[in-house]
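Undergrad: here is the input, now give the coordinates:
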Amino acid sequence: MSSLSADQRARLAAAKLSALVTDHTGAAIDQPHGFGGGAAVMVDATAWVLIDDRPVTGLGRALAWAERQGAAAVSVVAETDTGVLARRASAFALPIEVWACSGRELQPASPDPIPAVAEPSAAELEAATVLADMGVDVVVEHGVVTGEVLGLEMARVVTVGDEVVLLPGVGRNDRDGHATLLGDSDDAARLATLARVASDITAHRRGDAADRHPLGRMARERWLRRHVLDDPALVGAALLNLAEPTVPRSSLTETAAAFATGVGVDGTPVVVACTVGIDLDLVPAAADVRLVHQAHIGRDDCRLVLVTPGRSLQPVIGRLSQLLVQPASVVVVDDDWYRRNPG
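TA: Predicted coordinates for the structure are as follows:
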């Protein structure tokens with residue numbers, strides 16, 4: 001389907017959903033609506049939504065469409081990632097059924113189990129102590145160790161054969177470029193490069209400079225997380241730590257919430273999800289992180305807080321947050337929070 005135009009993909013998705021729903025329900029349905037990355041149609045009070053484009057991040061889009069239609073229930077159809085979708089759907093009080101599609105067959109999807117934590121090797125963690133000594137945040141997500149400056153990745157620990165290497169750079173292309181330039185350079189040269197990359201990021205993420213350079217505009221949701229970690233009282237927390245998403249980011253430029261977990265001022269566990277920009281999958285992704293965190297700590301009373309600047313707050317996010325079995329709260333920060341960040 002990658003060679004088809006957007007219009008052709010939309011028509012194909014609509015035809016596919018129409019056939020699937022008719023076969024499954026026996027209902028004669030209207031022409032499905034266009035839906036970002038798929039198609040959607042109402043059958044009585046149920047919203048049927050086909051997610052073709054990266055289904056793992058599509059539940060929020062499906063629920064936003066269903067909510068606009070006033071649906072009493074939602075049936076989500078996808079060919080992949082249905083286990084994650086079903087687990088995320090279980091966090092909602094709204095009846096949501098996830099269907100795994102194979103050809104013209106639909107089968108109810110079972111929720112994926114709570115994922116185990118992937119741990120990096122001791123050698124990889126040891127290599128990252130250089131970053132910690134520089135004041136860089138050491139971030140471990142899905143077993144990958146990186147260094148972040150104000151939320152932006154500036155180095156990554158990689159294992160090549162038996163060798164553990166700390167590579168500076170913002171993203172893969174930048175790391176590859178630095179690796180070529182550094183070659184067999186000694187430790188002093190590598191440390192100097194790491195320090196220079198960290199300094200460049202800080203300069204471009206300081207005050208008004210953040211609006212004038214790509215390094216200032218990238219991964220702002222993770223920068224906002226750093227802002228909240230520095231002031232946990234913003235979300236009613238006494239202590240917060242970095243936490244990983246349940247689905248790895250596909251790239252540094254992907255819009256994906258950044259998470260933290262900790263303890264509220266009242267002693268209750270808290271999960272925090274930070275976002276900047278429009279992210280319709282914020283609520284399902286955040287609810288999934290809470291499900292995983294609650295399972296890992298053996299409690300079921302975690303408070304969920306969604307943090308966003310005012311201009312990024314979409315009314316549908318607030319409505320979806322109230323559809324959860326355990327509703328989330330929303331904390332709105334000033335739109336210029338990053339300009340006042342000292343860096």
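
Undergrad: from here on, just use CA atoms for contacts and neighbour counts.
TA: Noted.

Undergrad: run the chain-centre distance for stretch 166-185.
TA: Chain-centre distance of stretch 166-185: 26 Å, with C-alpha atoms, centre = their mean, to the nearest Å.

Undergrad: same question for stretch 91-110.
TA: With C-alpha atoms, centre = their mean, you get 22 Å for stretch 91-110.

Undergrad: between the two ends of that stretch, how far is it?
TA: End-to-end distance of stretch 91-110 (C-alpha to C-alpha, to the nearest Å): 14 Å.

Undergrad: cool, and stretch 307-316?
TA: End-to-end span of stretch 307-316 (C-alpha to C-alpha): 15 Å.

Undergrad: low-confidence regions, the chain specifically.
TA: 1-2, 340-343 (pLDDT under 70).

Undergrad: mind checking the longest strand of it?
TA: strand 152-160 (DSSP state E).

Undergrad: for that strand, buried residues please.
TA: 152, 153, 154, 155, 156, 157, 158 (16 or more other C-alpha atoms under 10 Å).

Undergrad: packing partners for that strand?
TA: Packing partners of strand 152-160 (3 or more C-alpha pairs under 8 Å, 6 or more residues apart in numbering; DSSP states H and E): helix 122-127, strand 144-149, strand 163-168, helix 187-204, helix 220-230.

Undergrad: picking that back up, can you tell me which of the buried residues of strand 152-160 is nearest residue 191?
TA: When these are compared for distance to residue 191 (C-alpha to C-alpha), residue 155 wins out at 11.3 Å.

Undergrad: distance of that closest one relative to residue 286?
TA: Taken as C-alpha to C-alpha, the span from residue 155 to residue 286 is 26 Å.

Undergrad: same thing with residue 30?
TA: From residue 30 to residue 286 the distance is 34 Å (C-alpha to C-alpha).

Undergrad: between the two, which one's more packed in?
TA: residue 286 (26 against 10; other C-alpha atoms under 10 Å).

Undergrad: please, which helix or strand holds the more buried one?
TA: Assessed by DSSP states H and E, residue 286 sits inside helix 282-297.

Undergrad: domains for this structure, by residue range?
TA: Segmentation of the chain into domains, based on automatic domain parsing, reads 6-108, 122-211, 219-333.

Undergrad: which one, of the helices and strands packed on strand 152-160, ends up nearest to residue 65?
TA: helix 220-230 (24.2 Å).

Undergrad: immediately after the closest one, which helix or strand?
TA: Heading C-terminal from helix 220-230 (DSSP H and E), you reach strand 237-243.

Undergrad: from residue 223, how far off is the residue nearest to residue 331 when sequence neighbours are not counted?
TA: Nearest residue to residue 331, sequence neighbours excluded (C-alpha to C-alpha, 6 or more residues apart in numbering): residue 307, at 4.8 Å. From residue 307 across to residue 223, the span is 12 Å (C-alpha to C-alpha).

Undergrad: same check, this time on residue 273
TA: Distance of residue 273 to residue 223, given as C-alpha to C-alpha: 12 Å.

Undergrad: go on, residue 90?
TA: 30 Å.

Undergrad: so which of those two has more stuff around it?
TA: residue 223 (25 against 21).

Undergrad: what sits against that one?
TA: 150, 151, 152 (C-alpha atoms under 8 Å, 6 or more residues apart in numbering).

Undergrad: surely the last one meets residue 218?
TA: Yes - Residue 152 is within contact range of residue 218, at 7.1 Å (criterion: C-alpha atoms under 8 Å).

Undergrad: tell me, how many residues neighbour residue 70?
TA: Neighbours around residue 70, by other C-alpha under 10 Å: 12.
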